[in-house]
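Engineer: Got a sequence here, can you build the structure:
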Amino acid sequence: MLQYFIGRQAIYDHNLNVIGYELLYRSHNAAFNDGVDDEDYATSLVLLNSFMEAGLEELVGPHKAFINLTRKFILNGDLIPPAKHQLVLEILEDIEVDGELIQAVKTLKTKGYTIALDDFIYHDTIQPLVELADIIKIDLRALDEATLRDYVQRLKPYPLKLLAEKVETYEEFETCMALGFHYYQGFFLCRPKTVQGTRIPGNRLATLELIARVQAPETDIRELEYIISQDVALTFKLFKYINSAAFSLPRKIDSIHHAIVYLGLQEVKNWASLLALSSINDKPGELFVTALTRAKMCELLMEAIEPERKGAAFITGMFSALDAIMDADLAILLDEMPIAEDIKESLLTPDEGSYSSILQCALAYERGEWSNVSCPPLDDGAISDSYILAVKWAVEAGKLIASPDSKAA
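Structural biologist: Predicted coordinates for the structure are as follows:
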């Protein structure tokens with residue numbers, strides 16, 4: 001049976017709103033590991049699975065889908081699905097540029113597809129593609145600062161958007177924005193803006209203290225009822241979410257005690273923690289979707305291995321984004337929280353802890369580091385399915401949590 005990984009990486013604008021996702025792909029069939037035909041096969045499967053099995057709408061929603069194309073696909077536009085206003089066709093940097101290719105790109109552009117040049121390195125032969133491109137992607141790791149500035153100046157006269165790839169820190173994001181880039185892709189959003197020693201801003205500290213009380217091992221049903229009931233906004237959001245279609249419960253839950261009895265103590269602890277984090281409203285929504293995806297993927301992986309530990313796996317995945325949400329060092333944050341030691345160990349020591357292998361698998365998948373995507377005894381198909389299910393779930397959960405009335409009291 002053919003097994004593959006398909007993932008996505010977000011692309012942001014100046015305001016850190018998502019404008020699209022690059023779809024990433026890796027096949028694990030030995031027959032398709034080498035050669036140009038391999039690349040064409042990979043491209044065909046990305047397109048097929050994005051539109052058919054995984055569902056493009058569920059992978060990228062209303063946003064753009066950036067997909068790498070090989071020469072064969074560019075020359076035969078009939079192979080490309082008709083979602084022309086949503087697809088961004090990325091032309092790889094090592095593709096042969098000749099008259100036939102240029103004419104094919106013109107045809108695709110005329111049909112309404114957005115054209116992007118990937119890993120852009122300027123040379124004279126690529127000039128005709130520059131004149132056709134809507135987006136040019138520049139890898140920050142491939143150029144020195146002087147060359148980067150030169151490229152920006154060289155490309156300014158053209159009616160196109162510049163996209164900075166592999167943006168790893170907020171400082172790099174701000175530098176690229178000052179240079180004149182329009183879009184940004186990289187893992188900077190999942191890192192703290194600044195690490196401020198032991199000082200945590202007051203609003204975040206209150207949220208952290210609430211989560212610490214909720215997640216404390218000694219917090220039983222009665223104590224959890226009391227903690228949640230003291231926060232009107234949290235109670236409202238918890239009831240709203242639990243009674244939504246996401247849970248599909250046979251009858252409406254109208255008390256915290258009922259929710260705990262029906263869903264389980266750890267499940268309600270996890271949701272109360274998540275909803276408390278969502279009250280931090282000065283962070284981009286995509287950061288919370290990332291945290292939700294990690295949490296759900298960890299839960300699904302653990303559910304397939306040791307179902308009784310899936311709740312702890314969920315909180316491990318969610319807390320892996322805690323430093324980025326709180327803008328503070330993760331070790332310092334965890335010192336403030338009386339959570340289980342094996343969860344702390346899994347978060348702080350990648351090679352140790354009961355949940356380390358599951359968390360590292362989820363993180364590697366998120367980053368497209370396919371060689372590190374492993375979670376014995378699960379096979380690649382089970383891991384890929386867990387990710388796709390987690391993304392679909394996280395997007396829907398994120399919409400509900402972020403809805404305006406979910407913040408009402």
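Engineer: which residue is nearest the middle of the protein?
Structural biologist: T290 (4.4 Å; C-alpha atoms, centre = their mean).
Engineer: That one: what secondary structure?
Structural biologist: State at T290, reduced to three classes by DSSP: H, G, I helix; E, B strand; the rest coil: helix.
Engineer: Which pLDDT value does the model give it?
Structural biologist: As predicted, T290 sits at a pLDDT of 95.
Engineer: wouldn't it be in contact with A321 here?
Structural biologist: Yes. Taking C-beta atoms under 8 Å as the definition, T290 is a contact partner of A321 at 6.1 Å. All C-beta atoms are positioned from the backbone trio N, CA, C, and that covers glycine.
Engineer: So for these two, which residues contact both of them?
Structural biologist: By the contact definition C-beta atoms under 8 Å, 6 or more residues apart in numbering, T290 and A321 are jointly contacted by C190.
Engineer: buried ones in stretch 91-108?
Structural biologist: Residues of stretch 91-108 classed as buried: 91, 95, 97, 101-102, 104-105, 108 (neighbour count, 16 or more other C-beta atoms under 10 Å).
Engineer: Which two of those have the greatest separation?
Structural biologist: Using C-beta to C-beta, the two most remote members of these are V97 and L108, lying 14.6 Å apart.
Engineer: Which pLDDT value belongs to the nearest residue to L143 once chain neighbours are set aside?
Structural biologist: Using C-beta to C-beta, 6 or more residues apart in numbering and skipping residues adjacent in sequence, the residue nearest L143 is Y151, 6.9 Å away. According to the predicted model, the pLDDT of Y151 comes to 95.
Engineer: what separates Y151 from I74, distance-wise?
Structural biologist: Distance of Y151 to I74, computed by C-beta to C-beta, to the nearest Å: 23 Å.
Engineer: Of the two, give the one with the bigger neighbour count.
Structural biologist: Legend: neighbour count by other C-beta atoms under 10 Å for Y151 and I74, higher for I74 (23 against 18).
Engineer: Spit out the contact partners of that one.
Structural biologist: I74 touches 89, 91, 95, 101, 104-105, 108, counting by C-beta under 8 Å, 6+ apart.
Engineer: Filter those down to just the ones in strands.
Structural biologist: Among those, the ones falling in strands (DSSP state E) are 89, 91.
Engineer: Where is pLDDT lowest across the contacts of I74?
Structural biologist: Lowest pLDDT within those is found at I95 (88).
Engineer: With adjacent residues omitted, what lies nearest to H257?
Structural biologist: Closest to H257 by C-beta to C-beta, 6+ apart is E225, at 5.6 Å.
Engineer: Which of the helices or strands spans that neighbour?
Structural biologist: When secondary structure is defined by DSSP states H and E, E225 falls within helix 221-229.
Engineer: Now do that helix: which elements does it pack against?
Structural biologist: helix 202-215, helix 232-242, helix 256-263, helix 265-277 (3 or more C-beta pairs under 8 Å, 6 or more residues apart in numbering; DSSP states H and E).
Engineer: So which bits of that helix are buried?
Structural biologist: Using 16+ other C-beta under 10 Å as the test for burial, helix 221-229 gives 224-225, 227-228.
Engineer: cool, stretch 378-386 as well?
Structural biologist: Buried, per 16+ other C-beta under 10 Å, within stretch 378-386: 378, 380, 383-384, 386.
Engineer: Can you show me the strands along the stretch 1-150 of the chain?
Structural biologist: Here the stretch 1-150 of the chain has its strands, by DSSP state E, counting those that start in this stretch, at 4-12, 18-27, 64-69, 87-91, 114-117, 135-139.
Engineer: any idea how far F187 lies from E366?
Structural biologist: 9 Å.
Engineer: The two: who's more crowded?
Structural biologist: Legend: neighbour count by other C-beta under 10 Å for F187 and E366, higher for E366 (23 against 17).
Engineer: The more buried one: what's it in contact with?
Structural biologist: Shown in contact with E366 (C-beta under 8 Å, 6+ apart): 7, 290, 293-294.
Engineer: try it again with 10 Å
Structural biologist: Contact analysis of E366 by C-beta atoms under 10 Å, 6 or more residues apart in numbering lists 7-9, 24, 187, 190, 290, 293-294, 297, 320, 373, 387, 390-391.
Engineer: Check I305 too.
Structural biologist: 313, 357-358, 375-378, 382.
Engineer: Tell me which of those fall in helices.
Structural biologist: Counting by DSSP state H, these place 313, 357-358, 382 in helices.
Engineer: which of the residues you listed lies closest to T43?
Structural biologist: Nearest to T43 out of those is A382 (C-beta to C-beta; 24.4 Å).
Engineer: From the centre of the protein, point out the most distant residue.
Structural biologist: Going by C-alpha atoms, centre = their mean, the residue of the chain most distant from its centre is G99, 38.0 Å out.
Engineer: Settle this for me: that one is touching T125, isn't it.
Structural biologist: No. Contact criterion C-beta atoms under 10 Å: G99 and T125 do not qualify, at 11.1 Å.
Engineer: secondary structure element for P350?
Structural biologist: P350 is part of no helix or strand when elements are defined by DSSP H and E.
Engineer: C361 is in contact with that one, correct?
Structural biologist: No. Counting by C-beta under 10 Å, P350 stays clear of C361, with 11.1 Å between them.
Engineer: quick one: buried residues of stretch 366-378?
Structural biologist: For stretch 366-378, burial by neighbour count (16+ other C-beta under 10 Å) applies to 366, 368, 370, 373, 375, 378.
Engineer: And for T207, the neighbour number?
Structural biologist: So T207, with other C-beta under 10 Å, has 20 neighbours.
Engineer: could you give the angle of the helix holding E225 to helix 232-242?
Structural biologist: Relative orientation of helix 221-229 versus helix 232-242 (axes from the mean of the first three to the mean of the last three C-alpha atoms, to 10 degrees): 110 degrees.
Engineer: Helix, strand, or coil at the nearest residue to E267 once chain neighbours are set aside?
Structural biologist: Distance criterion C-beta to C-beta, 6+ apart; nearest residue to E267, sequence neighbours excluded, is G311 at 6.2 Å. Secondary structure, three-state DSSP: G311 is helix.
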